[in-house]
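1. Pasted the sequence and its predicted model underneath.
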Amino acid sequence: MKPIRLTNHAQEQAIERGTNESEIIDTIMTGNRQPAKNGRYKYQATFQYNNNDWQDKFYSLKKVVPIVAETDTELVVITVYTFYF
């Protein structure tokens, strides 16, 4: 697998949206890959969350969705979304 690099924007969005680099990398390595806009890919994985520390609400699951541009030498994470269930 190619090396994975997070842009500054992706790192900021990860913090703001309640995920981290470890979950993002795990999602890329093991998650479902689908085509996205502009020749990019989105990866999806759902994690057990069982926590109430996201905006003071309890959620059982968290879906992490990084948007990735693939170059000849690396996978570049452009941004990341999270969804809580």
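-> Yes, it's here. Numbering: from 1, shown residues only.
2. for the residue nearest the centre of the chain, phi and psi?
-> The centroid of the chain falls nearest to residue 66 when counting by C-alpha atoms, centre = their mean (3.2 Å). Note on residue 66: its backbone torsions stand at phi -80, psi 140 [degrees, to the nearest 10].
3. what residues are up against it?
-> By C-beta atoms under 8 Å, 6 or more residues apart in numbering, residue 66 lies in contact with 10, 24, 27, 28, 42, 43, 77, 79, 80, 81. All C-beta atoms are positioned from the backbone trio N, CA, C, and that covers glycine.
4. and the lowest-mean-pLDDT helix or strand in the chain, what other elements does it pack with?
-> One helix or strand of the chain scores below all others by mean pLDDT, DSSP states H and E: strand 41-54, with a mean of 89. If you count contacts as 3 or more C-beta pairs under 8 Å, 6 or more residues apart in numbering; DSSP states H and E, strand 41-54 packs onto helix 21-30, strand 32-35, strand 57-70.
5. Show the model's pLDDT score for the residue lying farthest from the centre of the chain.
-> For the chain, the largest distance from the centre (C-alpha atoms, centre = their mean) belongs to residue 56, which lies 21.7 Å off. The score at residue 56 is 82. That number is its pLDDT.
6. where does it sit relative to residue 79, distance-wise?
-> Going from residue 56 to residue 79 by C-beta to C-beta, to the nearest Å gives 25 Å.
7. ditto for residue 54
-> For residue 54, the distance to residue 79 - C-beta to C-beta - is 19 Å.
8. Which of the two has more residues huddled nearby?
-> Neighbour totals were compared for residue 54 and residue 79, and residue 79 leads with 18 against 14 (other C-beta atoms under 10 Å).
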